[in-house]
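1. For reference, the sequence and a predicted model appear below.
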Amino acid sequence: MSGQTAAIIGGGVIGGGWAARFLLMGWDVRVFDPDPEAERKLGAVLDNARRSLPGLSDVALPPEGALTFHDTIPDAVSGAIWIQESVPERLELKREVYRTVQEHCAPDAIIGSSTSGFRPSELQEHAKRPGQILVTHPFNPVYLLPLVELVPSPSTAAETTETAKAILTEIGMYPLHVRAEIDAHIADRFLEAVWREALWLINDGIATTEEIDNAIRYGFGLRWAQMGLFETYRIAGGEAGMRHFIAQFGPALKWPWTKLMDVPDLTDDLITQIADQSDAQSGDYTIRELERMRDDNLVTILRGLKARDAGAGALLNARDRRVEGAVALPDDLSRPIVTVHRAVPLDWTDYNGHMNEARYLQAFGDATDRMMLLIGCDAEYIATGGSFFTAETHIRHLNEVHAGAVIRIETRVLLGEGKKMHLFHRMYEGTRELATGEHMLIHVNLETRRASAPAPHLAEVLAKVAEAHAILPRPDGAGKAVGVKG
């Protein structure tokens, strides 16, 4: 759906995050925000998104859409098929925005609200087309976190809900369909409960803001990031599972451990105490520095989950597979084959600020794996007992490459006969050559762990590619050893 248009009404922290998400997924984005600083503020959010979001994907994102700012809501919603309202949490203000939007937007456009608390039926009251409005509540930063609570009302047609789900999925988000209207939806009700208890722990002198945050980020927060609540507790029940866990720990729910049904008065003294502790916890970091630290950590966590195909990482892998499509050799074998096309993620850089040398090998290894898939050495083939092992590698580092750079690896088969597959990879950023990788692989019988001939159908495809590539000039650096100058 890239190339479509989204309108963002309200370009603050959440609206700016929505704008960045749509824009980097190839959508044109039209923004309305009366704040004279809106363009500058959204630009700062977009800068953070550009350096972090593309690296979550192992395939290149679509070309960035066009971003425009508009002086009126009617102008902003013109041509938009998705309209995201992110104005302050005042019900009458939101209803006023909808009245203006619906007078000028397409009747079949989706109008989503970022509201964290209002029910869709409240938002729809007095609306010209109530069913057009629904809750699409995201989490900050919108451009990195995939969850969006999708809440329709009885006035919302099933077709509208399904269209909204499809669009949100296409831009890399996970639409959690909240099937019944409830104040604060699902996730914020959890957060509210934790927030209330945290306030009491500070009020009663039990813990500081930093100690509470440490309890979350060094403990159960990491588990929740990839398993959630119930699956975590199921495992805590051991082999007997959830039933045993509830039998063992359920009675504790009747004990007076928490004060979740009450909340301390937010007196000036308590507010000052919380603010002072939070300031001390953050030290001298600016908000932008904290945002960048947050983004760096989230990218690392999400890519770690991606490598394990767990939690939110599984969503990223599924999107990569959708974008990458079917594995097949190109029709034209008279040129090198593009085996990798992706952005360099933040966690691939080292202390020098450029891509770590081990990541060059990883990128070339990914190119080799792709080439193996293209000739038919896939999971099904490997399950029959055959595969290729790398016997020798030589990498030449020609130019620096930094986080966010979109790299492309072009692969040639220099030899494909008998037990050998000789590959030569060239890594580029645009037309700038960054590195070359030369790899000699040997086909192996996985049972004996010794060299063996590949299956005839695989050998035939490999020989076909090698023959097509043989007419190309020998690449510069092929067969080159490490040079030592005297």
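-> Here it is on my side, so go on.
2. What segments of the stretch 101-250 of the chain are helices?
-> 120-124, 158-170, 187-203, 209-215, 221-227, 230-236, 241-249 (DSSP state H, counting those that start in this stretch).
3. Give the burial count for Cys377, as a bare number.
-> Counted with other CB atoms under 10 Å, the neighbours of Cys377 add up to 23. Where you see a C-beta, it was placed from the backbone N, CA and C, and this is true even at glycine.
4. distance of it from Leu462?
-> 9 Å (CB to CB, to the nearest Å).
5. what is in contact with these two at once?
-> Pro454 (CB atoms under 8 Å, 6 or more residues apart in numbering).
6. residues contacting Ala44?
-> Ala44 sits next to Arg288 when contact means CB under 8 Å, 6+ apart.
7. next helix or strand past the helix or strand where it lies?
-> Assigning secondary structure by DSSP states H and E places Ala44 in helix 38-52. Per DSSP H and E, the first helix or strand lying C-terminal to helix 38-52 is strand 67-70.
8. Point me to the helix or strand that includes Val29.
-> Short version: Val29 belongs to strand 28-32, going by DSSP H and E.
9. thinking again about what came up before, and the helix holding Ala44, which residues are buried?
-> Ala38, Lys41, Leu42, Val45, Leu46, Asn48, Ala49, Arg50, Arg51, Ser52 (16 or more other CB atoms under 10 Å).
10. Any stretches of the chain with poor pLDDT?
-> 1-2, 253, 483-486 (pLDDT under 70).
11. Determine the set of other helices and strands touching the longest strand along the chain.
-> Using DSSP state E, we find that the single longest strand of the chain is strand 432-445. Secondary-structure packing of strand 432-445 (3 or more CB pairs under 8 Å, 6 or more residues apart in numbering; DSSP states H and E): helix 357-375, strand 386-397, strand 420-429, strand 450-451.
12. Next, the angle strand 386-397 makes with that strand.
-> On the basis of axes from the mean of the first three to the mean of the last three CA atoms, to 10 degrees, strand 432-445 is oriented at 150 degrees to strand 386-397.
13. got the buried residues for strand 432-445?
-> Glu433, Leu434, Ala435, Thr436, Gly437, Glu438, His439, Leu441, Ile442, His443, Val444.
14. ditto for stretch 288-304
-> Glu291, Arg292, Asp295, Leu298, Val299, Ile301, Leu302, Arg303.
15. And stretch 405-417, by the same measure?
-> Ala405, Ile407, Arg408, Ile409, Glu410, Thr411, Arg412, Val413, Leu414, Leu415, Gly416.
16. Kindly format the C-alpha coordinates of that stretch as PDB.
-> Listed next in PDB are the C-alpha coordinates belonging to stretch 405-417 (Å, rounded to 0.1, in the frame of the first residue of the first chain):
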ATOM      1  CA  ALA A 405      23.400   3.100   5.100                       C
ATOM      2  CA  VAL A 406      21.500   0.900   2.700                       C
ATOM      3  CA  ILE A 407      23.900  -1.700   1.500                       C
ATOM      4  CA  ARG A 408      23.600  -4.000  -1.500                       C
ATOM      5  CA  ILE A 409      25.600  -7.200  -2.100                       C
ATOM      6  CA  GLU A 410      26.100  -8.500  -5.600                       C
ATOM      7  CA  THR A 411      27.200 -12.100  -5.900                       C
ATOM      8  CA  ARG A 412      29.000 -14.100  -8.600                       C
ATOM      9  CA  VAL A 413      29.600 -17.800  -8.800                       C
ATOM     10  CA  LEU A 414      33.200 -18.200 -10.000                       C
ATOM     11  CA  LEU A 415      33.100 -22.000  -9.700                       C
ATOM     12  CA  GLY A 416      30.300 -24.500  -9.300                       C
ATOM     13  CA  GLU A 417      31.300 -28.000 -10.000                       C
END
